[in-house]
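Visitor: pasted the sequence and its predicted model underneath.
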Amino acid sequence: MSTIIGRKTEVEQLERLYASGKSEFVAIYGRRRVGKTFLVKQLFKERISFQHTGVSPTDIPEGKSLLKVQLESFYYSLLNYGLEGFSQPKTWLEAFFQLEQLLTRLDNGERVLIFLDELPWMDTPRSGFLPAFENFWNNWCSGRDNFMLIVCGSATSWILGHIEDSQGGLYGRLTDSIKLYPFTLKECEEYFESEGIEYSRYDIVQSYMVFGGIPYYLSCFRKGLSFEANVDRILFGRRPRLNDEFNRLFNAIFTNSEDCKKIIRFLAGRHSGYSREQISEATEIPLGGGLSDTLSALCESDFIVRYKPYGESKYTDYYKLIDNFCLFWLKYVDGGDGDPNFMTDNQTSDIMKAWRGVAFEEVCWRHIDQIKWALSVAGVKSSISAWSLRGDDNKEGVQIDMIIDRADNVVNLCEMKFSGSKYSISKDEEMKLRKRIEALKSTLNSKQTVHLTFITTYGVEPGKHSGIVQKSIEMDDLFIPLPE
């Protein structure tokens, strides 16, 4: 039987709301495949009084009425839970009225839990869904102390815009919200252990480099297969488990999915990211509210992150792709040669060595809190950024993948290195590192100092050139279970 891995805070929050003794309206959101539905169903199981999931727009045949399909599906859910004496509704007002009649029959004075999954999918154009839903909560549910409504959605921007930050009929109505994040490395380890899948931490990190800690993707792993064999079966085989996942992922979440995919494809080309102006120019999406909204939606859904590049104006924002699955898909699945055994055939190739270097950096960006904990500065205010400075005839360019600028006047210059053994620093590399340190120092004030920090799989090999490293963080440090 499946168990809930991690999510301790979320489980405690939901159980507290369930036992509150008053009406509760809760929104759960997060990236598609992150485990929102599993959490609710696994936690509450037989305690759910009524559950319905909207129909994915990717599963509705072209030419069919979106409203009719959604209402038909909702009606079948009502019938499954015991509705009698009503024909299929023609409007959402009628559909929610039928739900009210069903819940009235089911209400025995105990907690009544309604779970509406993928709510944004039900809000098809010109369907009148939102006013009907608002009426359902405001005029019916909210006055019943034993009613609890949980809504979920992968379209995070819809949940935030229409529910959490609503300026309309649902303004201030939400009693709590939960954002579900991808698993950490430690939670991935716990998941594999719970499934009896024996992987070293080295391979767990690699699995994160491909699938980004998304629980649904991890559930595709098969016991008894190597990491490489599982990746081949899931992504490259003759019948890959996640066939066309990239397109389905964006088509199911965003109404402007093509624009979103354009941005993701462009950002995949440089791991330090780009500014809004550069994104607009490359994708031909005009600067303005549309682009800003799309970038915000991608940030809210954890595909990209916005940060201020070191040394730039405080008004300059860069956007960086941090979704490992998208990075791997675009580079090797979408742009691959169709080899069904790609990972197995290339596990020791230069192609994979180059990928591991970049992908490990994204894993580190996902585990900033663990890195700060390992540095013993978890409570110190800091900003995280990257620094890319072009060279010219007079000076050499600088590329620093991560800078932790701390309020205690220490700046960590982080070098991330994925290696199958302890990482050895050569004489030439030491000289390059010293130049980067000096370049960074030249931008600081007299109170600040630079600590060269290496984040590696197995640490830094002691030697005549390793003394330059102030702090070494190893792969195991990224598995630190942080306090709740």
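Guide: Received the coordinates, thanks.
Visitor: could you use CA atoms for every contact and neighbour count after this?
Guide: Noted.
Visitor: where does the protein have low pLDDT?
Guide: Residues of the chain that meet the criterion pLDDT under 70 lie in 1-2, 391-395, 484.
Visitor: okay, now the domains of it?
Guide: Split into domains by automatic domain parsing, the chain comes to 8-179, 184-366, 372-479.
Visitor: adding mean neighbour count, write the ones you listed out as CSV.
Guide: Below are the domains of the chain laid out as CSV (neighbours: other C-alpha atoms under 10 Å):
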stretch, mean neighbour count
domain 8-179, 17
domain 184-366, 18
domain 372-479, 16
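Visitor: now the strands for this protein?
Guide: Using DSSP state E, the strands of the chain run over 24-29, 48-53, 112-117, 147-153, 176-179, 274-275, 304-307, 318-321, 382-389, 398-406, 410-417, 449-456, 471-473.
Visitor: for the first one, which helices and strands make contact with it?
Guide: Spelled out, that is strand 24-29. strand 147-153, helix 156-159, strand 176-179 (3 or more C-alpha pairs under 8 Å, 6 or more residues apart in numbering; DSSP states H and E).
Visitor: contacting residues around the residue most central in space within the chain?
Guide: Centroid check for the chain by C-alpha atoms, centre = their mean gives Asp302 as the closest residue, at 3.8 Å. Asp302 makes contact with 30-31, 181, 322-323, according to C-alpha atoms under 8 Å, 6 or more residues apart in numbering.
Visitor: for it, what are phi and psi?
Guide: Per-residue torsions, Asp302: phi 70, psi 30 (degrees, to the nearest 10).
Visitor: oh, and call the first residue 862 from now on, that's how I've got it
Guide: Yep, numbering from 862; the last one is Asp1163 now.
Visitor: distance of it relative to Ile1245?
Guide: Per C-alpha to C-alpha, to the nearest Å, Asp1163 is found 17 Å from Ile1245.
Visitor: and Arg908, by the same measure?
Guide: In terms of C-alpha to C-alpha, Arg908 sits 43 Å off from Ile1245.
Visitor: now Thr1116
Guide: Distance from Thr1116 to Ile1245, by C-alpha to C-alpha: 32 Å.
Visitor: same check on Ala1215?
Guide: 24 Å.
Visitor: I'd say Asn1104 and Leu1096 touch.
Guide: Yes. Assessed by C-alpha atoms under 8 Å, Asn1104 is found in contact with Leu1096 at 6.9 Å.
Visitor: would you format the strands of the chain as JSON lines with distance to Glu1223 included?
Guide: Formatted as JSON lines, the strands of the chain follow (distance: least, C-alpha to C-alpha, whole Å):
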{"stretch": "strand 885-890", "distance to Glu1223": "23"}
{"stretch": "strand 909-914", "distance to Glu1223": "33"}
{"stretch": "strand 973-978", "distance to Glu1223": "30"}
{"stretch": "strand 1008-1014", "distance to Glu1223": "25"}
{"stretch": "strand 1037-1040", "distance to Glu1223": "21"}
{"stretch": "strand 1135-1136", "distance to Glu1223": "16"}
{"stretch": "strand 1165-1168", "distance to Glu1223": "11"}
{"stretch": "strand 1179-1182", "distance to Glu1223": "8"}
{"stretch": "strand 1243-1250", "distance to Glu1223": "12"}
{"stretch": "strand 1259-1267", "distance to Glu1223": "10"}
{"stretch": "strand 1271-1278", "distance to Glu1223": "10"}
{"stretch": "strand 1310-1317", "distance to Glu1223": "12"}
{"stretch": "strand 1332-1334", "distance to Glu1223": "16"}
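Visitor: tell me where the longest helix sits in this protein.
Guide: helix 1211-1227 (DSSP state H).
Visitor: got the angle for that helix vs strand 1310-1317?
Guide: Helix 1211-1227 runs at 130 degrees relative to strand 1310-1317, counting by axes from the mean of the first three to the mean of the last three C-alpha atoms, to 10 degrees.
Visitor: export helix 1211-1227 to CSV, keeping only CA atoms.
Guide: Below are the C-alpha coordinates for helix 1211-1227, written out as CSV (Å, rounded to 0.1, in the frame of the first residue of the first chain):
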residue,chain,number,x,y,z
ASP,A,1211,31.6,12.9,-23.0
ILE,A,1212,27.9,13.8,-23.8
MET,A,1213,26.8,12.6,-20.4
LYS,A,1214,29.8,14.1,-18.6
ALA,A,1215,28.9,17.6,-20.0
TRP,A,1216,25.2,17.1,-19.1
ARG,A,1217,26.0,15.9,-15.5
GLY,A,1218,28.0,19.1,-14.9
VAL,A,1219,25.2,21.4,-15.9
ALA,A,1220,22.4,19.3,-14.4
PHE,A,1221,24.1,19.0,-11.0
GLU,A,1222,24.2,22.8,-10.8
GLU,A,1223,20.4,22.9,-11.2
VAL,A,1224,20.1,20.3,-8.4
CYS,A,1225,22.2,22.6,-6.2
TRP,A,1226,19.9,25.6,-7.0
ARG,A,1227,17.0,23.4,-5.8
